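>>> Below are the sequence and a predicted model; questions follow.
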Amino acid sequence: MTELARPRLLFVGAFPEPGRQIFGGHVTACRALLESSFPRHFELDLIDSTQISNPPPGLVTRLFIAARRFCQFLWRFERRRPDVVLLFLAIGASVVEKCAMAWYARLRGVPAVLFPRGGGLLDSAKRSPTYRRFLRIAFGGGKMVFCQSKAVQTFAIDALGFRAEEAPVILNWTATAELLAIGRARHPRAEGPLRLLFVGWLETPKGVLDLLEALRRLNIDRPYSIDFVGDGALAAEAATLAGEGALRGHVRFRGWLTGASLREAFAESDIFVLPSWEEGLPNAMIEAFAAKLAVVVTTVGGIPDVAHDGVNALLVPSRNVDELCRALARIMADDQLRMEVANAGFATAERKFGIDAAVVKLVNGLEAAMNHRLSTFPAAS
């Protein structure tokens, strides 16, 4: 595809300005895309939709920011009419905002592709038939929906009304060459303290308090330490709990790490644990697979599509501290199991979660959307 022939892609995702301290899975995924071959295929017009703070600002402020961003979307859309629109969305207000953008694109005759990437969308739909009906209408503005996992694809077909060819599975692409190199060079730690790692928002739905309580109950002779990489509303409470009783001296809070510092944290660790209550398909889990850590995660969202209990991870029910404690004790006490799980996780990352394969699927999906323009509404002149 020549430079002049590249189609125009209006891409709403996580593109914070340089210097802004914005972290999370969306930022990681979008940064990896921009650093890959993806920009060679499209003339990109990027709109940043990252949250300005955590915890989020008040409702009035969020509504104002969303309205301003929607106006920016309209202006960009009409000023340089795109050939296709790609919308990354999470949960809550993000669904309303991005689906409204998709409906506008549809009304103007331009195909829009929705890519839900936040945890909780499926869980919320399962709990509420009313919300499920709303999602079916809201997602109706999209020509296609990209799915992080088979579970999301099934939901898109059964609940949202998309055909299978309109809902391709595109797995996360955060198994970078640097992380895979760490995995290839790793040697199992047969003795000495084990190092555990948590990467994510320090928020209740990430299971932070569950993890601290499981560690407090842990009864194992082998010494250990755990690094919490991330920040959030529970940071102060978690730090207080970590300084008490059996946890004292075992826990370190490192804030957000990026680049070489984050890769170093993966390289220095043995076990990755993420006891989330809700997830899509967490980037951090894929990164841990790539770095050949033994992974302990919960059976939520798209995780069970990729992580298989006793094979490439240990799976536990969410919000179950007893099961989490047992899984941690098991993986920490059994060197052979820990090595086998880590090796299998690395093989999963190497086979399925590289950026090159994801770019091919993204490009093919967007081209398919462009080649099957919506016929319900005529294209504007």
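Great, that's in hand.
>>> roughly how far apart are Ala185 and Ala288?
According to Cβ to Cβ, to the nearest Å, Ala185 stands 15 Å off from Ala288. C-beta: built from backbone N, CA, C; applies to glycine.
>>> actually Leu196, sorry about that
Leu196 sits 11 Å away from Ala288, going by Cβ to Cβ.
>>> neighbour count winner among Ala185 and Ala288?
Taking other Cβ atoms under 10 Å, Ala185 and Ala288 do not tie; Ala288 has more neighbours (32 against 10).
>>> what secondary structure does the more buried one sit in?
Following DSSP: H, G, I helix; E, B strand; the rest coil, Ala288 is assigned to helix.
>>> pLDDT score for it?
Note for Ala288: predicted pLDDT of 97.
>>> got the domain boundaries for this structure?
8-173+354-371, 177-352 (automatic domain parsing).
>>> tell me which element the residue nearest to Arg319 when sequence neighbours are not counted is part of?
Distances taken as Cβ to Cβ, 6 or more residues apart in numbering place Trp277 nearest to Arg319, at 6.0 Å, with adjacent residues excluded. Using DSSP states H and E, Trp277 sits within no helix or strand.
>>> from what I can see Ala333 touches Ile220, true?
Yes. In this structure, Ala333 is within contact of Ile220 by Cβ atoms under 8 Å, at 5.9 Å.
>>> What count of nearby residues applies to Val360?
Per other Cβ under 10 Å, the neighbour tally for Val360 reads 14.
>>> Next, give phi and psi for the residue nearest to Arg319.
For Trp277, the backbone dihedrals are phi -90, psi -30 (criterion: degrees, to the nearest 10).
>>> which helix in the protein runs the most residues?
As assigned by DSSP state H, the longest helix anywhere in the chain is helix 59-79.
>>> what packs against that helix?
Counting contacts by 3 or more Cβ pairs under 8 Å, 6 or more residues apart in numbering; DSSP states H and E, helix 59-79 packs against strand 8-13, strand 43-48, helix 93-107.
>>> how about the helices of the stretch 51-200 of the chain, start to end?
Using DSSP state H, counting those that start in this stretch, the helices of the stretch 51-200 of the chain run over 59-79, 93-107, 121-127, 129-138, 150-158, 177-185.
>>> Ok, which of those helices comes nearest Val251?
Of all the helices of the stretch 51-200 of the chain, it is helix 177-185 that lies closest to Val251, at 23.3 Å by Cβ to Cβ.
>>> Run a quick check on Ala344 versus Val311, I expect a contact.
Yes. Proximity of Ala344 to Val311 meets the contact threshold set by Cβ under 8 Å, at 5.4 Å.
>>> Of the two, give the one with the bigger neighbour count.
Under the neighbour definition other Cβ under 10 Å, Ala344 and Val311 were set side by side, and Ala344 has more, 19 against 13.
>>> tell me the mean pLDDT for the helix or strand hosting that one?
Ala344 is located in helix 335-352, with elements delineated by DSSP H and E. Taken as a whole, helix 335-352 has a mean pLDDT of 95.
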